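Chemist: Sequence and computational prediction follow.
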Amino acid sequence: MLFIASKLLSIVFEPGNFLLLLLMLGLWRLAATRRRRGMLLVGCAAWAYLLIAVLPLAQWAIAPLENRFPSPRELPAQVDGIVMLGGAVIPSLTLAHGQAALNEAGERVTETFVLAQRYPAARVVLAGGNGEIHPSGISEAAATSDLLVAMGLDAKRLILEERSRTTYENAIYAKPLADPKPGETWLLVTSAYHMPRAIGCFRQVGWETVAYPVDYQSGDGWRLDAFALADNLMVLKRAAHEWSGLAIYYLTGRIDTLYPGPRSASSDR
């Protein structure tokens with residue numbers, strides 16, 4: 001009983017949820033005093049926050065992106081190379097504290113290490129410059145390289161692409177460094193929700209890769225402790241970023257189809 005009570009209290013007093021409850025209380029007070037000025041805007045905002053916090057709207061938005069390229073049930077017997085896209089390291093914090101600062105996409109790094117151990121002959125391309133508005137002086141590729149070497153990976157296997165600041169640039173700048181040959185098998189490691197846009201960009205530059213999605217945000221169903229406005233807003237933000245990114249990349253010719261999928265998918269033939 002104490003465990004359940006503590007969980008409920010932690011949910012209520014989570015900052016995003018607590019502010020939401022205050023907003024709902026204010027809405028109730030406005031309605032009670034019949035003050036209609038601002039009621040519509042406050043009501044829309046309050047109910048939107050409540051629905052995002054309570055319903056799995058964020059997961060509904062991001063799940064189609066994550067499920068577009070399923071995680072491979074069986075990996076190829078031979079892999080010639082692995083490409084890990086940037087987005088898991090915070091360069092400024094890494095430089096400030098002298099250790100790799102990983103964000104919520106850290107699985108990109110850990111799974112790349114696991115794959116590199118499984119395929120000891122595979123080359124490993126780390127694609128990522130510094131995407132910060134004010135670059136800190138260290139690239140994501142370099143920071144990731146230092147971490148992987150510290151974990152035991154042979155530095156001679158690593159190829160660093162340190163110029164890119166976008167997904168499309170990842171593909172453009174990594175390809176000549178990796179120099180993939182016809183018939184070679186390359187795994188592409190990035191967050192599952194980012195995979196459609198990433199695969200689309202690599203196809204656009206003529207580089208066929210095998211999707212290896214990581215860092216899933218959906219699929220665990222609805223739970224009581226999923227009532228978390230801040231967390232759900234962050235997932236919704238990622239989904240909105242990717243859906244809009246697909247549209248922009250398609251309109252600007254960086255991908256050749258609006259919703260890239262597996263080659264066997266009927267929608268991508």
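Modeler: Yes, it's here. Just so you know, these numbers come straight off a predicted model, no measurement behind them.
Chemist: Near the closest residue in space to residue 191 that isn't next to it in sequence, how many other residues are there?
Modeler: What sits nearest to residue 191 in space, not counting adjacent residues and going by CB to CB, 6 or more residues apart in numbering, is residue 215, at 4.0 Å. No exception for glycine: its C-beta is placed from N, CA and C like everyone else's. As a burial measure, residue 215 scores 23 neighbours (other CB atoms under 10 Å).
Chemist: Quickly list what the residue nearest in space to the middle of the chain is bridged to.
Modeler: Geometric centre of the chain, nearest residue: residue 191, 4.2 Å, by CA atoms, centre = their mean. Beta-bridge pairing of residue 191 under DSSP bridges involves residue 214.
Chemist: doesn't residue 106 make contact with it?
Modeler: No. Counting by CB atoms under 8 Å, residue 191 does not reach residue 106; the two are 10.5 Å apart.
Chemist: okay, and the common contacts of those two?
Modeler: residue 215 (CB atoms under 8 Å, 6 or more residues apart in numbering).
Chemist: helix, strand or coil for residue 212?
Modeler: strand (DSSP: H, G, I helix; E, B strand; the rest coil).
Chemist: Look up how far residue 114 lies from it.
Modeler: 10 Å (CB to CB, to the nearest Å).
Chemist: Tell me which of those two has more neighbours.
Modeler: Between residue 212 and residue 114, counted using other CB under 10 Å, the more crowded position is residue 212 (24 against 13).
Chemist: what's near enough to touch that one?
Modeler: Residue 212 touches 71-72, 82, 111, 115, 187-189, counting by CB under 8 Å, 6+ apart.
Chemist: what does residue 113 give?
Modeler: 148, 151, 153.
Chemist: So which of these wins on neighbours?
Modeler: residue 148 (23 neighbours).
Chemist: Which element, helix or strand, includes it?
Modeler: helix 140-150 (DSSP states H and E).
Chemist: which residues are contacting that helix?
Modeler: 84, 86-89, 91, 94, 100-101, 109, 112-113, 116, 124, 126-131, 155, 158, 160-162.
Chemist: Could you give the number of residues near the spatially closest residue to residue 30 that is not a sequence neighbour?
Modeler: Nearest non-adjacent residue to residue 30, counting by CB to CB, 6+ apart: residue 39, 5.6 Å away. By other CB under 10 Å, 13 other residues sit near residue 39.
Chemist: so how far is residue 31 from residue 39?
Modeler: 7 Å.
Chemist: Same check on residue 244?
Modeler: In terms of CB to CB, residue 244 sits 35 Å off from residue 31.
Chemist: just residue 99 next, same as before
Modeler: From residue 99 to residue 31 the distance is 52 Å (CB to CB).
Chemist: With residue 200 instead?
Modeler: 48 Å.
Chemist: higher neighbour count, those two?
Modeler: Ranked by neighbour count (other CB under 10 Å), residue 200 and residue 31 place residue 200 first, with 24 against 13.
Chemist: element containing that one?
Modeler: Here residue 200 sits within helix 195-204, counting by DSSP H and E.
Chemist: Kindly export that helix (C-alpha atoms) in CSV.
Modeler: The C-alpha coordinates for helix 195-204 follow below in CSV (Å, rounded to 0.1, in the frame of the first residue of the first chain):
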residue,chain,number,x,y,z
MET,A,195,15.4,5.2,-39.2
PRO,A,196,13.0,6.0,-42.1
ARG,A,197,14.6,9.4,-42.7
ALA,A,198,18.1,8.0,-42.3
ILE,A,199,17.6,5.0,-44.6
GLY,A,200,16.0,7.4,-47.1
CYS,A,201,19.1,9.7,-47.1
PHE,A,202,21.5,6.8,-47.5
ARG,A,203,19.5,5.4,-50.4
GLN,A,204,19.6,8.8,-52.0
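Chemist: show me the contacts for residue 93.
Modeler: residue 101.
Chemist: buried stuff in the helix or strand harbouring it?
Modeler: Taking DSSP H and E as the definition, residue 93 sits inside helix 91-97. Of the residues in helix 91-97, 91, 94-95 count as buried by neighbour count, 16 or more other CB atoms under 10 Å.
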